[in-house]
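J.: A predicted structure for the sequence below; I have some questions about it.
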Amino acid sequence: MLAKFFQLSEHKTTVKKEVLAGLTTFSTMAYILAVNPSILSQTGMDAHALLTATALAAAIGTLVMAFYAKLPIGVAPGMGLNAFFAYTIVSAMGYSWQFALTAVFLEGVIFIFLSLFRIREAIIDSIPENLKHAISVGIGLLIALIGMANAGIIETGMRHVGDGKLSGVILKMGNITSIGPLVALIGLIVSAVLMYKRVNAALLIGILAATVVGIPLGITQLPEGHFISMPPSVSPIAFKLEFNKIFTMDMVMILFTLLMVNLFDTVGTLIGLCNKAGLLDESGRLPRAKQALMADAVGTTAAGLLGTSVVTAYVESASGIAAGGKTGLTALTVAVMFLLSLFFAPVFAMIPQAATAPALIIVGMLMMGAVVKIDFNDVTEALPAFLAIVMMPYSYSIAEGIVFGMLSYVLLKVLTGQYKQISPVMYVLACLFIITFLVK
């Protein structure tokens with residue numbers, strides 16, 4: 001039944017391969033179960049309830065991705081967007097977390113309408129072919145950077161020396177002989193050797209091997225007490241919307257920021273991941289784009305009601321795609337794992353970031369392959385692609401990389417008399433990007 005529904009034979013894959021891919025993706029996403037409650041609880045929200053809300057919102061969005069879009073991509077509350085929720089809307093602007101949840105809910109509803117009327121799909125189709133490849137490469141560099149930073153292989157080298165001045169390099173090598181980097185490097189070598197031997201579960205085995213090695217080294221913390229427990233109730237934070245202040249300029253700016261960041265994070269992630277999985281059609285278009293975009297829209301709407309931040313497609317899904325995932329069965333596995341995590345949270349929490357780092361580094365390497373498809377002979381194509389690639393890791397944001405790539409593309413094509421190559425949607429997006437910069 002699963003093979004027929006997800007068309008496994010047409011995609012030249014198997015149930016075993018898809019499930020292993022889903023487990024690999026989940027293992028690289030599971031950190032959100034600890035990180036999201038940690039960030040949002042600083043607003044006064046109940047941390048235990050946030051764990052349940054995070055898992056449920058991720059499961060709902062990923063189930064839509066599995067059964068409606070049938071793509072091997074997991075979704076969950078996004079990093080960066082949760083920081084905007086806690087540190088900007090609540091801390092800096094002084095609004096309640098209930099008001100912030102209302103903004104999340106409204107954004108989800110708006111995204112549902114934008115997806116239904118194919119507005120978001122039109123944006124994906126308007127992105128030039130070279131930029132689509134560049135987005136894939138940029139995401140690869142960002143994923144590798146995240147993995148290395150999580151493991152402590154790379155560290156920030158900037159430090160304050162007084163009067164607001166900074167000294168040192170932006171990035172530097174971490175203490176490579178410390179436990180975190182060593183565990184990550186062991187997992188990296190294990191995964192690479194298994195990939196050479198064409199073992200389908202190479203990335204997952206590498207994560208598990210690094211986790212086991214980390215036990216005697218003290219970096220893998222075994223759960224205290226019970227391994228299984230009932231999930232905490234979401235009642236302290238669920239359905240706590242606050243509509244009395246929504247007709248304000250602040251709400252307009254909050255919604256605009258959430259919409260722009262989440263829109264291009266999701267669009268960029270979908271393009272990059274589907275490009276890597278070989279799922280784009282002959283014209284470079286994403287099949288079932290409307291359905292895929294609906295997944296994060298539904299997930300975000302549910303997130304606002306359940307009590308957590310905006311849901312988005314996860315770039316870590318590239319690890320499952322690299323492990324062979326090609327269909328919605330991979331996403332279904334991820335969703336099931338998020339639901340199981342409600343009962344086995346202590347077990348999933350024991351996997352250290354150093355253990356998931358090897359998968360992210362290898363995925364970054366694999367996604368670099370798209371760079372050979374970029375036309376570097378035409379500077380009006382090459383410079384936008386280059387800016388999109390480097391700005392993703394430099395700014396630590398997929399959305400910012402897309403903004404720089406698309407804005408420079410429009411400007412260069414107009415200034416060189418090639419304006420006919422620019423679609424109307426690209427002109428509209430360029431104007432929106434400029435407005436975004438002006439209001440920051």
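T.: In hand now; what should we look at?
J.: pretty sure P231 is touching F343, no?
T.: Yes. Using Cβ atoms under 8 Å, P231 is in contact with F343, at 6.4 Å. (Glycine included, C-beta is placed from N, CA and C.)
J.: more neighbours, those two?
T.: P231 (17 against 14; other Cβ atoms under 10 Å).
J.: Just the strands from the stretch 51-200 of the chain, written as ranges.
T.: 75-77, 154-156, 159-162, 165-167, 171-173 (DSSP state E, counting those that start in this stretch).
J.: Which of the ones you listed has the lowest mean pLDDT?
T.: Of all the strands of the stretch 51-200 of the chain, the minimum mean pLDDT falls on strand 159-162 (a mean of 60).
J.: can you give me the helices in the stretch 251-400 of the chain?
T.: For the stretch 251-400 of the chain, helices defined by DSSP state H, counting those that start in this stretch occupy the ranges 289-306, 317-322, 328-341, 345-349, 353-367, 379-395, 398-415.
J.: Oops, could you answer that again for the stretch 101-250 of the chain instead?
T.: For the stretch 101-250 of the chain, helices defined by DSSP H, counting those that start in this stretch occupy the ranges 119-126, 129-151, 179-196, 202-217, 249-276.
J.: from those, which stretch is densest packed?
T.: When the helices of the stretch 101-250 of the chain are scored by mean count of other Cβ atoms under 10 Å, the highest mean neighbour count falls to helix 129-151 (a mean of 25).
J.: tilt between that one and helix 179-196?
T.: With axes from the mean of the first three to the mean of the last three Cα atoms, to 10 degrees defining the directions, helix 129-151 sits at 130 degrees from helix 179-196.
J.: how about stretch 105-115: buried residues?
T.: Judged by neighbour count using 16 or more other Cβ atoms under 10 Å, the buried positions of stretch 105-115 are 105-108, 110-112, 114-115.
J.: any weak-confidence spans in the chain?
T.: By pLDDT under 70, the weakly predicted segments of the chain are 158-168, 200, 225, 283-284, 345, 348-349, 439-440.
J.: Just put the helices of the stretch 101-250 of the chain in CSV and tack on distance to A34.
T.: Shown next, in CSV, are these (distance: least, Cβ to Cβ, whole Å):
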stretch, distance to A34
helix 119-126, 30
helix 129-151, 13
helix 179-196, 16
helix 202-217, 15
helix 249-276, 21
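J.: for K290, what are its contacts?
T.: K290 is in contact with 115-116, 118, 120-121, counting by Cβ atoms under 8 Å, 6 or more residues apart in numbering.
J.: repeat that with 6 Å
T.: Contacts for K290 (Cβ atoms under 6 Å, 6 or more residues apart in numbering) come out as 115, 118, 121.
J.: Spatially nearest residue to it (excluding sequence neighbours)?
T.: Nearest non-adjacent residue to K290, counting by Cβ to Cβ, 6 or more residues apart in numbering: E121, 5.2 Å away.
J.: Check I434 too.
T.: Per Cβ to Cβ, 6+ apart, closest to I434 is L407, 7.5 Å.
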